[in-house]
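Colleague: I need the structure of the sequence given here:
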Amino acid sequence: MDSLAKARALAEAALARKGRNVVVLDVAELTSFADAFVIVTGTSDRHTRAVADAVVESAKAHDMPPLGVEGYEDAEWVLIDLNDVIVHVFQGEARSDYDLERLWGDAPSTTYHDEGGDEGGPAVGSGTP
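Modeller: Modelled structure (predicted):
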């Protein structure tokens, strides 16, 4: 499975646990330490941990155990390192503060809308990884 396929599978796992504003960034051409980022918002510390748990479970099910998980206790920003894919699960304010989408704004992206959103299902953002 290539990096973007992994990222999409992890994005779907986050959505299944009601993660919000899920974005996959294709950063392969911009950095050497990862090929893709998955960025997700959780609504509380408990929800952020639940989304992170779903991502880790999905990663293990796809035979890609995490190299590390950081920030799980505080759950403001949980970073899950899967080598070529890095998942960032934020609470809303932390996501706004760090604004990774702006920082990596040159990366092609795909946005996934949660079922409660206006558009339901995956929707392509400013490019298609």
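
Colleague: Need the nearest residue in space to Val22, chain neighbours excluded.
Modeller: Tyr112 (4.1 Å; CB to CB, 6 or more residues apart in numbering). (Glycine included, C-beta is placed from N, CA and C.)

Colleague: Check the one you found and give its pLDDT.
Modeller: Confidence at Tyr112, expressed as pLDDT, is 89.

Colleague: quick one: low-confidence parts of this protein?
Modeller: 114-129 (pLDDT under 70).

Colleague: Now name the helix or strand holding the spatially most central residue of the chain.
Modeller: Centrality entry for the chain: nearest residue to the mean C-alpha point is Val38, 2.5 Å, by CA atoms, centre = their mean. Assessed by DSSP states H and E, Val38 sits inside strand 36-42.

Colleague: Just checking: what are the partner strands of that strand?
Modeller: Sheet partners assigned to strand 36-42 using DSSP bridges are listed as strand 20-26 (antiparallel), strand 85-91 (parallel).

Colleague: mind putting these in JSON lines, distance to Trp77 included?
Modeller: As requested, these are exported to JSON lines (distance: least, CB to CB, whole Å):
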{"stretch": "strand 20-26", "distance to Trp77": "14"}
{"stretch": "strand 85-91", "distance to Trp77": "5"}
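
Colleague: Minimum distance to Ser32: which of those strands has it?
Modeller: Nearest to Ser32 among the strands paired with strand 36-42 is strand 85-91; the distance by CB to CB comes to 12.7 Å.
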